[in-house]
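S.K.: fold the following, please.
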Amino acid sequence: MGLHLPPALRHRRFTLLWLGLLVSVAGSQMQVWALFWHIRTLTDQPIALGGIGAARIVPVVVFSLIGGAIADSFNRRRILYLTQSAMALVAVGLGLLTQFEHITIWHIYLLTAIQAVAIAFDLPARQALVPNLVPTEDLPNAFSMTSIAFQTGAILGPAVSGFVIAYGGLQVVYYINAVTYLAVILALVMMGDIPQRVSRARRQGLSLEAIREGVSFIIHQPIILSSMVLDFVATFFASANTLMPIVAVDVLHVGVVQYGWLSAAQSVGAVLAALIVSQINELRRQGALFLGSVIVFGIATVVFGLSPWFMLAWIALAVTGAADSVSTIIRNTIRQLQTPDEIRGRMTSVNQIFFQGGPQLGEIEAGVVAQIFGAPIAIVTGGIGSIVGVLLIARKWPMLRAYNGDEPVMAGASAD
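M.R.: Now for the predicted structure:
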């Protein structure tokens, strides 16, 4: 069977957003991996890298639920204007402090926390906007294409960042990232108005009742709740990204350019997996596929932690990326299809606490374990922990194993 144009890209407004994200994510990923390397140049203490996770998790916990209620109460497109602009300003701040040699670890933590506040409002609005851009039958493909945009950017970003750091300096990475946010802003301008269902939260205003309604919805939807818990557990235990500079320098004995390619490995695997999924018209046995992909993710993480060779480590990371891509596509499809449009922002905000909280708290945990026992042990035990977590969750929520993908859909979507 030959390749065909993915259905989601037949819708102009989604295509604009997709292209904007493709550019913006590349810049954002350049900055993420540059920050890890930057901290490694300021200190050789693994726990300092874990501090990035702490700087991100507090704003996510504090502001995510508010961000979800706002995404359901106000125009999502306008929210994205503000959040994208705020993140661009953070990148400019990092660049200026670095260029004039005033930056410290605490500056990095503070600006990372400010950016996390913007993300707490950006993600619920952006994910809840996608079902307004494509019809229901194209939604799984839309999330597959979104995964491709993110993972392609995550290949280009780290790979290019190594060269930019080596030949231009860290401040150039931050300036480039600031410019890439303009791609999403331009896409939002070209989209025009997006129809959006008005929720009770709009009539209530931003209220505790609106937030409580979103939390209650998740609690009473076991298929959504179980997918969120699994996401948290897997990423908490197998979050090894912040340890990458230590693995590159102290275990694999490579430089900043090789570090960039190592950082891009997960996204190479993720893009390949997402491309395959994008060519499949209907995914069935989604629950079993979801659980299996997370187990593969854990096994590959263990292999990465045990590897003394660059190439084996790169392949193991690529496998983790492929497995995570499959699980991401499935879990996003499950959640968005099983959630009414007027509550999607709040659902995404609760989900954000799980899927952002897992990696960020995992970075802290990995930093502490690496500080005491070394980076390889932190990575290996994390992979084992994620596998055990999958088995326990599959036992607790058997309906997740049985989920097929053709269950009744709770809400439709509009498209242009």
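S.K.: let's see the pLDDT reported for the closest residue to Met191 other than its chain neighbours.
M.R.: The shortest distance from Met191 to any residue other than its chain neighbours is 4.7 Å, reached at Arg13 (Cβ to Cβ, 6 or more residues apart in numbering). The way it works is simple: take the backbone N, C-alpha and C, and place the C-beta from them, glycine included. The confidence metric pLDDT takes the value 91 at Arg13.
S.K.: tell me who's in contact with Arg13.
M.R.: Counting by Cβ atoms under 8 Å, 6 or more residues apart in numbering, Arg13 makes contact with Leu133, Met191, Gly192, Ile194, Asp416.
S.K.: which of the helices or strands spans Met244?
M.R.: Counting by DSSP states H and E, the element that carries Met244 is helix 244-246.
S.K.: tell me the helix or strand right after that helix.
M.R.: The element immediately downstream of helix 244-246 (helix or strand, assigned by DSSP H and E) is helix 256-278.
S.K.: and that following helix, average pLDDT?
M.R.: Here the mean pLDDT over helix 256-278 is 79, rounded to a whole number.
S.K.: buried residues, it. List them.
M.R.: Neighbour counts over helix 256-278 (16 or more other Cβ atoms under 10 Å) mark 256, 258-275, 277-278 as buried.
S.K.: show me what stretch 181-201 is in contact with.
M.R.: Counting by Cβ under 8 Å, 6+ apart, stretch 181-201 makes contact with 13, 16-17, 19-24, 27, 69, 72-73, 75-77, 80-81, 84-85, 87-88, 91, 129, 132-133, 207, 210, 213, 340-343, 346, 414, all of which sit outside it.
S.K.: please pick the buried ones from those residues.
M.R.: For those, burial is judged from neighbour counts taken by 16+ other Cβ under 10 Å, and it is met by 13, 16-17, 19-24, 27, 69, 72-73, 76-77, 80, 84, 87-88, 91, 129, 132-133, 210, 213, 341-343, 346.
S.K.: contacts only, for Val296.
M.R.: Val296 sits in contact with Val319, Ala322, Ala323, where contact means Cβ under 8 Å, 6+ apart.
S.K.: any idea how far the residue nearest to the first one when sequence neighbours are not counted is from Ala69?
M.R.: Ranked by Cβ to Cβ, 6+ apart and with sequence neighbours excluded, the top spatial neighbour of Val319 is Ala300, at 3.9 Å. The span separating Ala300 from Ala69 equals 37 Å under the rule Cβ to Cβ, to the nearest Å.
S.K.: same check, this time on Leu312
M.R.: Leu312 sits 46 Å away from Ala69 when distances are taken as Cβ to Cβ.
S.K.: out of the buried ones among the contacts of stretch 181-201, list just those in strands.
M.R.: Cross-referencing these with the strands (criterion: DSSP state E) gives no overlap at all.
S.K.: which of the contacts of Val296 fall within helices?
M.R.: Secondary structure of these is defined by DSSP state H; positions in helices are Val319, Ala322, Ala323.
S.K.: surely the last one meets Leu291?
M.R.: No: under the criterion of Cβ atoms under 8 Å, Ala323 makes no contact with Leu291, lying 11.0 Å away.
S.K.: where does pLDDT dip in the stretch 51-200 of the chain?
M.R.: With pLDDT under 70 as the threshold, the stretch 51-200 of the chain has low-confidence stretches at 196-200.
S.K.: buried set for stretch 180-190?
M.R.: By neighbour count on 16+ other Cβ under 10 Å, the buried set for stretch 180-190 is Thr180, Tyr181, Leu182, Ala183, Val184, Ile185, Ala187, Leu188.
S.K.: and the gap between Gln56 and Gln171?
M.R.: One thing to correct before we go on: residue 56 is Arg, not Gln. Separation of Arg56 from Gln171 (Cβ to Cβ): 22 Å.
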